[in-house]
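>>> Provide a 3D model corresponding to the input given below.
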Amino acid sequence: MLLGAGAAPLESAEVQSLSNPVPNGAIVIDGNLSDWAAVTPFQQDAVGDGSSGAARPLDIDILQGAIAHDENFIYVLYRNAGDNMIDGASNWIFFDLDRNPATGQNGIPGMNSIGMEFNLGGTGGWNAWNSVGGAFAGGANGRTVATGDSSAIPAGADFLEYAISRTASQPNGLTFNPIGGNSFNVVFGAEDTVLDTSPDNGSQNWFNYRVVPEPAAGTLGVTAAMALACWRRRRS
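Have a look, this model is predicted:
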């Protein structure tokens, strides 16, 4: 991951805000897109503006991202414009849980419209960052990932899908839930010398995802209910 030295966050602009509540277990992380059919995606990225350069061995052209949630997980879909554009680390998704660009990690030029508390990176990366100071807190917990091919003639994977536990304890002291509200900001990116971001211009623009309706703790196990109760207290 290419970090800048103390890059100052720029003025941000919300491009789109969505919410996609789904029944518990409706999305299965198995490399099949069929269970995403009822989920409204974020606006499609321009095709042909993919990442490029010598910093990473793979050029990636983002097509579209989507997010959904149930009581237990946040689900994320990252689609590419072509096959074989999936890397162990370079397909980035940055999450700003408190919607504050001045907290978390905001030192990546070209994607510093938000300050991330967490980021996904391809099939291997799942990282937690401290809200205060933005230092790396450690590898995060509770993530499942799968890749798949959405084309009619299979020629290589063109999407990743993730499930992120909302109750797993994380090394930055958080759980994966909004902080101080019911939504978080997100930017999809592709790492290289020249980045591709969705929305375009990730140094200024971002998407917003609303985790509504709020989870009903009555249907959860004891551990999950306690974790969500702690989350609600932090929001109040």
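
>>> what's in contact with stretch 204-216?
10-19, 21, 42, 65, 67, 69, 71-72, 74, 96, 99, 113-114, 166, 177-178, 182-188, 197-199, 228, 232 (Cβ atoms under 8 Å, 6 or more residues apart in numbering). C-beta here means a position set from N, CA and C on the backbone, and glycine is covered the same way.

>>> who are the contact partners of residue 21?
Counted by Cβ under 8 Å, 6+ apart, residue 21 has contacts 68-70, 212-213.

>>> circling back: which ChimeraX command selects the buried ones in the contacts of stretch 204-216?
Of those, the buried ones can be selected in ChimeraX as follows, counting by 16 or more other Cβ atoms under 10 Å:
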select :12,15,18,19,21,42,65,67,69,71,72,74,96,99,113,114,166,177,178,183,184,185,186,187,188,197,198,199,228
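
>>> go through the contacts of stretch 204-216 and flag which are in strands.
Counting by DSSP state E, the part of those found in strands is 13-18, 65, 67, 69, 74, 96, 183-188, 197-198.

>>> ok, back up a step: so which one among the contacts of residue 21 has the lowest pLDDT?
Taken together, the contacts of residue 21 show their lowest pLDDT at residue 213, with 84.

>>> wait, a strand at that one?
No. Counting by DSSP: H, G, I helix; E, B strand; the rest coil, residue 213 is located in no strand; its state is coil.

>>> any idea how far it is from residue 25?
Distance of residue 213 to residue 25, computed by Cβ to Cβ, to the nearest Å: 17 Å.

>>> can you check residue 37 too?
Counting by Cβ to Cβ, the gap from residue 37 to residue 25 is 16 Å.

>>> so which of those two has more stuff around it?
Shown here are residue 37 and residue 25; by other Cβ atoms under 10 Å, residue 25 has more neighbours (12 against 6).

>>> surely residue 138 and residue 171 touch.
Yes. Applying Cβ atoms under 8 Å, one finds residue 138 in contact with residue 171, separated by 3.5 Å.

>>> more crowded one of those two?
residue 171 (15 against 12).

>>> I'd assumed residue 140 was in contact with that one.
Yes. Residue 171 is within contact range of residue 140, at 6.8 Å (criterion: Cβ under 8 Å).

>>> the residue sitting nearest the centre point of the chain is in what secondary structure piece?
The chain has residue 93 as the residue nearest its centroid, 3.9 Å off, counting by Cα atoms, centre = their mean. Element membership for residue 93 (DSSP states H and E) is strand 91-96.
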